[in-house]
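Novice: Mind folding the following:
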Amino acid sequence: MQPPVKLAAPSEIDGTWLGTLDAGTTKLHLFFKIVNTQDGLTATLQSSDQSPAWIPATAVTRAGSSLTITIKGIGAVFEGKIRPDRSSISGTFTQMGKAFPLQIERVKD
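Specialist: From the prediction side, this is the model:
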């Protein structure tokens, strides 16, 4: 069992984000939950069209407007740029060597 997460003051990108990944013949809805903790940013991913399960990111790094979310369990990385108004993050979702454009937008609570 994992120790409880120690939350910190929310970052300006904390929350749920949704995007549609266009993989040619398949379109997948991807949800990202981003949370700031005392140890830094964390994220989980759900592909609601494939499974109700949330997959934890193995690393989340942010440098200014650049955000990278790595999910080693499924061989995926999302690299994006955060818009100045923090309404969306545009970038590339790469999985198993295949890269797809992905824009995620903040989901209103």
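Novice: what bridges to the residue nearest the centre of the chain?
Specialist: A centroid search over the chain (Cα atoms, centre = their mean) returns F32, at 4.0 Å, as the residue closest to the centre. Beta bridges link F32 to W17, L45, judged by DSSP bridges.
Novice: who touches it in this structure?
Specialist: Contacts for F32 (Cβ atoms under 8 Å, 6 or more residues apart in numbering) come out as 16-19, 43-45, 69, 78, 104. Any C-beta I mention is one placed from the backbone N, CA and C, and that applies to glycine too.
Novice: if we go to 6 Å?
Specialist: By Cβ atoms under 6 Å, 6 or more residues apart in numbering, the contact list for F32 reads 17, 43, 45.
Novice: so who does the last one touch?
Specialist: L45 sits next to 32, 55, 71 when contact means Cβ under 6 Å, 6+ apart.
Novice: can you rerun that using 10 Å?
Specialist: 17, 30-33, 53-57, 69, 71, 73-74, 76, 78, 93 (Cβ atoms under 10 Å, 6 or more residues apart in numbering).
Novice: And P4, what's its pLDDT?
Specialist: Listed pLDDT for P4 reads 68.
Novice: buried ones in stretch 80-94?
Specialist: 80, 82, 89, 91, 93 (16 or more other Cβ atoms under 10 Å).
Novice: would CSV of those residues with pLDDT, distance to D49 and secondary structure be doable?
Specialist: As requested, these are exported to CSV (pLDDT from 0 to 100; distance: Cβ to Cβ, whole Å; DSSP: H, G, I helix; E, B strand; the rest coil):
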residue, pLDDT, distance to D49, secondary structure
G80, 98, 21, strand
I82, 98, 25, strand
I89, 98, 20, strand
G91, 98, 20, strand
F93, 97, 14, strand
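Novice: May I ask which two of those residues are separated the most?
Specialist: For those, the maximum inter-member distance is 15.4 Å, found between I82 and F93 (Cβ to Cβ).
Novice: Strands of the chain, residue ranges please.
Specialist: 15-22, 27-37, 40-47, 55-56, 59-63, 66-71, 76-82, 88-95, 98-106 (DSSP state E).
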